[in-house]
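**Q** predicted model and sequence follow; I will ask about them next.
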Amino acid sequence: MNNAQMSARVGLFFLLGAALIWVTFESLGTGKISRDKGYVLYAPFRSLKELKVGDEVRMAGVKIGSVLETRLRGRRAEAVLLIDSRERIAKDASATIGMAGLLGSNYVSFDLGSDNISAYEPDSIVLTVETADLNTIVTELGNVGKKMDAALSQFSGTLTDKNGLFGKLTQMVDDNRSKIGEAVDNLQKVSVRIERGEGTLGKLINDPKLHDELLATVTEIKGAATQAKTFVSDAQGVVAEVKSGHGTLGVLLYDKDSAENVRVTVKNLRDLSDKLNQGKGTLGKLLNDDSLYLQAQGALRKADRMFESLDDQGPITALGVVARPLF
């Protein structure tokens, strides 16, 4: 074997090794040997949270692309997304960075968005929503644990401190132990009396008759309340009828002609009463003139004397007495 053949074989082996290294690198980095054709979208975030090149882009849990590049753009981080050309993302759909389990890799997740809306054009900047990552959650849990530890420490100090709340309560109980004992004894006596049926409460609890009477009274009160409610409802109906101008009162209140007639009638009655008080007219004179009363009284007396004289005379004489004034 000459030197030229040996050099050719070494060169071919080197090229095959380089190709194998490139294929291995692409497979580990993007999961594919060849890059799919698609369109690019840009997703800015405050933090990419360990998102790396080759991580999946999902929509409703379905893979629709991958992360092409991660970079910094000013004060924000940006993920360059390569989306499958067959997929369309609505313009109101927002992207978040999700985590596939505690030990899984991160991914970019899109929601479905609205149905009747146009899709993102290639090279567009998408809407993003920041979410708490595992480190933030762990930090918050640590802060909560510290606060709980401090609260428990204060509570424990309150329990052990004589000047604390529980210490004061214990001291108060010790100072009033005899009074508390008397109060417990009184409560026991009261419970015994109630059990025996003594007193109003005891009778109410142990006497079925009293219980039934009380229940009947409550029933009557409920009935009265129902009647009162019915009365109020009827009154409201009457008021509504009056307001609508129905009935005599409604007509008087809301009918101008009827109201005017009532006003005229009242005026006439007032005029009539004024004339009677002033002695005008026959009825006014009868009410105010004593001479008419005296004349009427004298006439009645004459009539009484005439009838008395008729009783003393015969029929013919009586007829003549009666007929005399006629001639």
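**A** That came through fine.
**Q** average pLDDT across the helix or strand containing Leu215?
**A** Under the assignment given by DSSP states H and E, the secondary-structure element containing Leu215 is helix 208-243. Throughout helix 208-243, pLDDT has a mean value of 78.
**Q** again, but for stretch 151-171
**A** For stretch 151-171, mean pLDDT rounds to 68.
**Q** just the terminal-to-terminal distance for that stretch.
**A** One end of stretch 151-171 sits 24 Å from the other (Cα to Cα, to the nearest Å).
**Q** how does this structure divide up, domain by domain?
**A** What the record gives for the chain is the domain set 37-131, 137-174, 272-315, from automatic domain parsing.
**Q** the helix holding Leu215: how far from the chain's middle?
**A** Counting by Cα atoms, centre = their mean, to the nearest Å, helix 208-243 is centred 29 Å from the centre of its parent chain.
**Q** also stretch 63-82?
**A** In terms of Cα atoms, centre = their mean, the centre of stretch 63-82 is set 47 Å apart from its chain centre.
**Q** buried stuff in that stretch?
**A** Within stretch 63-82, the residues that qualify as buried by neighbour count (16 or more other Cβ atoms under 10 Å) are Ile64, Gly65, Ser66, Val67, Leu68, Thr70, Ala77, Glu78, Ala79, Leu81, Leu82. C-beta: built from backbone N, CA, C; applies to glycine.
**Q** closest to Phe14 out of these?
**A** The shortest gap between Phe14 and any of the buried residues of stretch 63-82 belongs to Leu68, at 30.1 Å (Cβ to Cβ).
**Q** quick one, what contacts that closest one?
**A** Counting by Cβ atoms under 8 Å, 6 or more residues apart in numbering, Leu68 makes contact with Val40, Val53, Val80, Leu81, Leu82.
**Q** and the last one, helix, strand or coil?
**A** What that stands for is Leu82. The local conformation at Leu82, judged by DSSP: H, G, I helix; E, B strand; the rest coil, is strand.
**Q** picking that back up, save the buried residues of stretch 63-82 as TSV, and put in pLDDT and distance to Arg58 too.
**A** Rendered in TSV, the data for the buried residues of stretch 63-82 read as follows (pLDDT from 0 to 100; distance: Cβ to Cβ, whole Å):
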residue	pLDDT	distance to Arg58
Ile64	95	7
Gly65	94	9
Ser66	94	10
Val67	95	11
Leu68	94	15
Thr70	94	17
Ala77	93	19
Glu78	95	19
Ala79	94	13
Leu81	95	11
Leu82	96	13
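**Q** among those, which pair sits farthest apart?
**A** Farthest apart among the buried residues of stretch 63-82 by Cβ to Cβ are Ile64 and Ala77. That separation is 21.2 Å.
**Q** just say helix, strand or coil for Ser114.
**A** Remark: Ser114 carries the secondary structure label coil [criterion: three-state DSSP].
**Q** what sits against it?
**A** Shown here is Ser114, whose contacts under the criterion Cβ under 8 Å, 6+ apart are Ala90, Asp92.
**Q** tell me the phi and psi of it?
**A** Dihedral angles phi and psi of Ser114 (degrees, to the nearest 10) take the values phi -90, psi 160.
**Q** which among the contacts of Leu68 gets closest to Ile194?
**A** Closest approach between the contacts of Leu68 and Ile194, by Cβ to Cβ: Leu81, at 78.9 Å.
**Q** buried sites along the one helix or strand Lys189 maps to?
**A** Under the criterion DSSP H and E, the helix or strand holding Lys189 is helix 177-196. Judged by neighbour count using 16+ other Cβ under 10 Å, the buried positions of helix 177-196 are Ile194.
**Q** contact partners of that helix?
**A** Surrounding helix 177-196, the residues in contact under the criterion Cβ under 8 Å, 6+ apart are Val173, Gly199, Leu201, Gly202, Ile205, Asn206.
**Q** now those: which count as buried?
**A** The neighbour-count criterion (16+ other Cβ under 10 Å) marks Gly202 among those as buried.
**Q** need the contacts of helix 177-196 in a markdown table (columns: secondary structure).
**A** Output for the contacts of helix 177-196, formatted as a markdown table (three-state DSSP):
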| residue | secondary structure |
| --- | --- |
| Val173 | helix |
| Gly199 | helix |
| Leu201 | helix |
| Gly202 | helix |
| Ile205 | helix |
| Asn206 | helix |
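**Q** most centrally placed residue in this protein?
**A** By Cα atoms, centre = their mean, the chain has its centre lying nearest to Lys229, at 26.0 Å.
**Q** if I look at that one, how far off is Gly237?
**A** Separation of Lys229 from Gly237 (Cβ to Cβ, to the nearest Å) stands at 13 Å.
**Q** can you list the strands that the biggest strand by length in the chain pairs with?
**A** The residue-count maximum for a strand in the chain (DSSP state E) belongs to strand 62-73. As defined by DSSP bridges, the strand partners of strand 62-73 come to strand 56-59 (antiparallel), strand 76-84 (antiparallel).
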